[in-house]
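S.K.: quick one: sequence and predicted model below, then my questions.
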Amino acid sequence: MSSDFTNRPFEGLGGLLKKKVSAAKQQPKKMVVAPVEISDEEFFRQAMLQVREIKEFTQIPYYQRHIKPVRRKCSTTKDEEETLNALREIRDGKRAIDIRNTQEFIEWSNPAFKNISTVHIHEGRYSVQDFLDLHGCTLSEAELIIEEFIKESMMKGFRCVKVIHGRGLRSPNGPVLKSAIIKWLSGRLRKYVIAFTTAPQYDGGLGAMYILLKKG
């Protein structure tokens, strides 16, 4: 009695592999299709093929709101009424005005003379010893006349003089002569001038100026 005790568990594995390889060769090969490139416009057109218009949203009604202006009642307070009364009195000459608080008031002092107060000049603490009226003069005429006037005043020993220049209210360009005199006195003629300021109200006011001269 003979018996075979040899164990061969993978004996049929080789044949099984051959069958699977043979079956794989017989299957048809799959074709690889390269992607087709399309433009952005074509891509957008294809993406919008299923989009449908919503008719309810084609016209959205717009209602303009009319806002009525708020009308405020004009009310005059007590302070406003007092201010208006004060302006009327100034206009009618019933109330004096401090011209030092106006925009037309001028004052200048030579930096070389630090102890001179333009307030004292404006208040008339220096006696006016002579005056010059420049009404009707052109700029070129006024420049020569005022320089000669200052030189003669210094030769006579005068300390304070008055120049009448007007306010230039009728001039379309404003107080041209007044502005020019300020420029001359604080510029090339400053070697003769200690200070100058607007004259007080009783002596020409905003239409004139006091000039304090150096000693000759």
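M.R.: Received it, and whenever you're ready, just let me know what you need.
S.K.: and for I164, the neighbour number?
M.R.: By other Cβ atoms under 10 Å, the residues close to I164 number 15. To be clear about C-beta, it is placed using only N, CA and C from the backbone, and glycine gets the same treatment.
S.K.: I'd assumed L134 was in contact with it.
M.R.: Yes: if you go by Cβ atoms under 8 Å, I164 and L134 touch, sitting 6.4 Å apart.
S.K.: what are the buried residues along stretch 142-157?
M.R.: Of all the residues in stretch 142-157, those buried under the rule 16 or more other Cβ atoms under 10 Å are A142, E143, I146, F149, I150, S153, M154.
S.K.: doesn't the first one belong to a helix?
M.R.: Yes: secondary structure of A142 (DSSP: H, G, I helix; E, B strand; the rest coil): part of a helix.
S.K.: and it, what does it touch?
M.R.: Going by Cβ atoms under 8 Å, 6 or more residues apart in numbering, A142 touches L134, L177, A180, I181.
S.K.: what segments of this structure are helices?
M.R.: Secondary structure of the chain, counting by DSSP state H: helices at 13-26, 40-47, 78-91, 118-122, 139-155, 176-185.
S.K.: including mean pLDDT and distance to I67, could those helices go into a markdown table?
M.R.: Listed next are the helices of the chain as a markdown table, based on pLDDT from 0 to 100; distance: least, Cβ to Cβ, whole Å:
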| stretch | mean pLDDT | distance to I67 |
| --- | --- | --- |
| helix 13-26 | 60 | 83 |
| helix 40-47 | 78 | 44 |
| helix 78-91 | 79 | 29 |
| helix 118-122 | 94 | 56 |
| helix 139-155 | 96 | 56 |
| helix 176-185 | 95 | 49 |
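S.K.: and for P200, the neighbour number?
M.R.: Counted by other Cβ under 10 Å, the residues lying close to P200 total 16.
S.K.: doesn't I121 make contact with it?
M.R.: No: judged on Cβ under 8 Å, P200 makes no contact with I121 at a distance of 9.7 Å.
S.K.: any idea which of the contacts of A142 is closest to F196?
M.R.: For the contacts of A142, the closest approach to F196 (Cβ to Cβ) belongs to I181, at 8.7 Å.
S.K.: wait, the closest one sits on E147?
M.R.: No: I181 lies out of contact with E147 (Cβ under 8 Å); the separation is 10.8 Å.
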